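Visitor: Just need the structure, nothing else, for what follows:
(one chain, ligands or ions: 1)
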Amino acid sequence: MDELRLAGAKAAAIMADHLEGVGERPVWRPVPDGELAWLTGQELPETGRPLDELLEDARAHVLPYPMGNGHPRFFGWVNSPPNPAGVLVEPLAAALNPSCAGGDHAGPHLERTVVRWLAGLVGFPHPPGGGLLTSGASMATVICLATARQRAALADGWDAREEGLSGRPAMVMYVTEEGHSCLHKAAQLLGLGARNVRTVPVDGAYRMDVAALRAMIDEDLAAGLRPFCVAGSAGTVNSGAVDPLDEIADVAASYGLWFHVDGAYGALGVLADGAAPHYAGLARADSLALDPHKWLGVPVGCGCALLRDPAAARAAFSLVPSYLVDENAGDLGWFSEYGPEQTRPFRALKTWATLSHLGRSGVKRLVDHTTGLARTLAAMVERAPDFELLAPVTTSITAFRHLPGDGGDPDALNQAIPVAVQARGNAFLTGTRLGGRAALRACFLHPDTTEQDLVVLLDEIRLAAKAL
Ligand SMILES: *Cc1c(COP(=O)(O)O)cnc(C)c1O
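Guide: Below is the predicted model of the structure:
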């Protein structure tokens, strides 16, 4: 163990050096050919190598080539810097190395607390057992939609797990064009069929048009189909829009649909000053997907599925063979009865550490700071004659575009800008299409991003555009 003790101290130093120096290095840089050969072309060593050598290799060949999301000027997609408390305890979780499928050990018990804390932070109802940690929101969405599917089948007097879906009226789900791809993937994986996922139109602020939702449900009912679920977004990736959740909840209630909310990125936005009215109705959902590895900064990966009726999820997933029966499992049973994973990593420790380190006020401060940055960038964009704001800011995402000075094609220009900005290494942003137009979007999640960084971002976009 002396080798581990020594190498462990060195690993801690390497980790601290890395995190301390993040801001001084390029946000991102391409992996050079020589390093790519090292990363992809190694042969498995015949004899094992000492720990110290492995650390040296990691320091030389791995840590210098990050994705970029630790840097305060990383504004791409929805990827946060790791919270230091979460980083700190990762080796402890690995040292313990439990399977948190269930049982009487620290991991599953701590997971109960963490899930309760997450529900409490966003004001979601939390009956005992009302949620579980997952690899991310994609898996949380599979859990929630599979639960919705089985509940709808049971309500109609049949069992989707037993029979499969063939010969039954198509189950239809409703989501806007701004809804995340994971909703579509989950629907496809569950055998619902991509063609049975309806695209509900959005209003000028990219929020679900609820009158159109009603009309589509009526039409599907008239056609003999089985509308079963509507999925609203609490913070879309494109613009951070929050659907009118309260109105959607009314529709779901009147038609007996499952109401799922994708709050993977944005659910925590409810904590920001003045934001609560946008989230009215969130607590009426049947299920909520929320990613601790997004805004909270819990090291990847950690998602969470929250369920109003945990028994419905258990009905959709529980399958306990004799070799897994646990006489001590208690009323709630094992976590593995509520989702597809059997062996489950100890995600609760890094989430507990991150939440405990921030405290409720720290989470709110982070959300206020980053939503403030998004609003400030929007104001700068509106003041600048060479930029245009493309969507109102509700969370911590600003969607905008650069206007070419020469009257050229803004679509072509804005499509090319993200990669050109990334290559310069001083900022990182990504693009999308919004309302049929090429858009730039900056997402703010880093506690150390400053207003000066926003000035740098706009300058970097101008310089990159000029070079194009
Ligand atoms: C990230 C994200 C997802 C997918 O979650 P993963 O954690 O990547 O599986 C779904 N919806 C939204 C809004 C997201 O930001």
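Visitor: Show the contacting residues for the residue in the stretch 1-150 of the chain that the ligand sits nearest to.
Guide: Residue of the stretch 1-150 of the chain nearest the ligand, by CB to the nearest ligand atom: Gly136 (2.5 Å). Using the backbone N, CA and C atoms, a C-beta is placed for each residue, glycine as well. By CB atoms under 8 Å, 6 or more residues apart in numbering, the contact list for Gly136 reads 264, 291, 293, 300-303.
Visitor: can you narrow the residues you listed to ones near the ligand?
Guide: The subset of those within reach of the ligand, by CB under 6 Å from any ligand atom, is 264, 291, 303.
Visitor: nearest residue to Leu445 other than its sequence neighbours?
Guide: Ser80 (3.9 Å; CB to CB, 6 or more residues apart in numbering).
Visitor: Of the ones next to the ligand among the contacts of Gly136, just the buried ones, PyMOL syntax please.
Guide: Here is the PyMOL selection string for the buried members of the ones next to the ligand among the contacts of Gly136, based on 16 or more other CB atoms under 10 Å:
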select buried, resi 264+291+303
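Visitor: closest to the ligand among the contacts of Gly136?
Guide: Ala264 (3.5 Å).
Visitor: ok, now which ones touch that closest one?
Guide: 78, 136-137, 140, 180, 182, 235, 289-291, 294, 303.
Visitor: Equivalent analysis for Pro30, please.
Guide: Ala423.
Visitor: quick revisit: could you list which of the contacts of Ala264 belong to helices?
Guide: In helices, defined here by DSSP state H, the members of these are 137, 140, 182.
Visitor: just curious, which of the contacts of Ala264 is nearest to Met15?
Guide: Lys294 (21.8 Å; CB to CB).
Visitor: In this structure the closest one contacts Asn83, no?
Guide: No: in terms of CB atoms under 8 Å, Lys294 does not count as a neighbour of Asn83; the distance is 11.7 Å.
Visitor: Give me every residue in this protein lying close to the ligand.
Guide: 78, 136-138, 180, 182, 235, 237, 262, 264-265, 291, 294, 303.
Visitor: how does it look with 5 Å?
Guide: 78, 136-138, 180, 182, 237, 262, 264-265, 291, 303 (CB under 5 Å from any ligand atom).
Visitor: Please tell me how far the helix or strand hosting Arg441 is from the chain's geometric centre.
Guide: When elements are assigned from DSSP states H and E, Arg441 belongs to strand 437-443. Relative to its chain's centre, strand 437-443 lies at 18 Å (CA atoms, centre = their mean, to the nearest Å).
Visitor: so what does that strand touch, helix or strand wise?
Guide: When contacts are defined as 3 or more CB pairs under 8 Å, 6 or more residues apart in numbering; DSSP states H and E, strand 437-443 packs onto strand 397-402, helix 410-424, strand 430-434.
Visitor: highest average neighbour count across the ones you listed?
Guide: Counting by mean count of other CB atoms under 10 Å, strand 397-402 has the highest mean neighbour count of these, with a mean of 26.
Visitor: Now that strand: average pLDDT?
Guide: In this model, strand 397-402 has a mean pLDDT of 98.
Visitor: Next, the angle from it to helix 410-424.
Guide: Relative orientation of strand 397-402 versus helix 410-424 (axes from the mean of the first three to the mean of the last three CA atoms, to 10 degrees): 110 degrees.
Visitor: What lies in contact with strand 397-402?
Guide: Contacts for strand 397-402 (CB under 8 Å, 6+ apart): 235, 237-240, 374, 377-378, 381, 386-391, 410, 413-414, 417, 432, 434, 437-444, 461-462, 465.
Visitor: so the residue lying closest to Ile248 once chain neighbours are set aside is in which element?
Guide: Leaving aside its chain neighbours, Ile248 sits nearest to Gly232 (4.8 Å; criterion: CB to CB, 6+ apart). Assigned by DSSP H and E, Gly232 belongs to strand 226-233.
Visitor: Quick check: which helices or strands does that strand pack against?
Guide: helix 137-155, strand 171-176, helix 210-222, helix 245-255, strand 258-262.
Visitor: chain center to the first one, what's the gap?
Guide: A distance of 18 Å separates the centroid of the chain from that of helix 137-155, by CA atoms, centre = their mean.
Visitor: got the CA positions of it in PDB?
Guide: Extracted C-alpha coordinates of helix 137-155, given in PDB (Å, rounded to 0.1, in the frame of the first residue of the first chain):
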ATOM      1  CA  ALA A 137     -30.900  12.500 -18.400                       C
ATOM      2  CA  SER A 138     -31.000  10.200 -21.400                       C
ATOM      3  CA  MET A 139     -31.400   7.200 -19.100                       C
ATOM      4  CA  ALA A 140     -33.600   9.100 -16.700                       C
ATOM      5  CA  THR A 141     -35.900   9.700 -19.700                       C
ATOM      6  CA  VAL A 142     -36.000   6.100 -20.700                       C
ATOM      7  CA  ILE A 143     -37.100   5.300 -17.100                       C
ATOM      8  CA  CYS A 144     -39.800   8.000 -17.100                       C
ATOM      9  CA  LEU A 145     -41.200   7.100 -20.500                       C
ATOM     10  CA  ALA A 146     -41.200   3.400 -19.900                       C
ATOM     11  CA  THR A 147     -43.100   4.000 -16.700                       C
ATOM     12  CA  ALA A 148     -45.600   6.200 -18.600                       C
ATOM     13  CA  ARG A 149     -46.000   3.500 -21.300                       C
ATOM     14  CA  GLN A 150     -46.700   0.700 -18.800                       C
ATOM     15  CA  ARG A 151     -49.100   2.900 -16.800                       C
ATOM     16  CA  ALA A 152     -51.100   3.700 -20.000                       C
ATOM     17  CA  ALA A 153     -51.200   0.100 -21.000                       C
ATOM     18  CA  LEU A 154     -52.300  -1.100 -17.500                       C
ATOM     19  CA  ALA A 155     -55.000   1.700 -17.500                       C
END
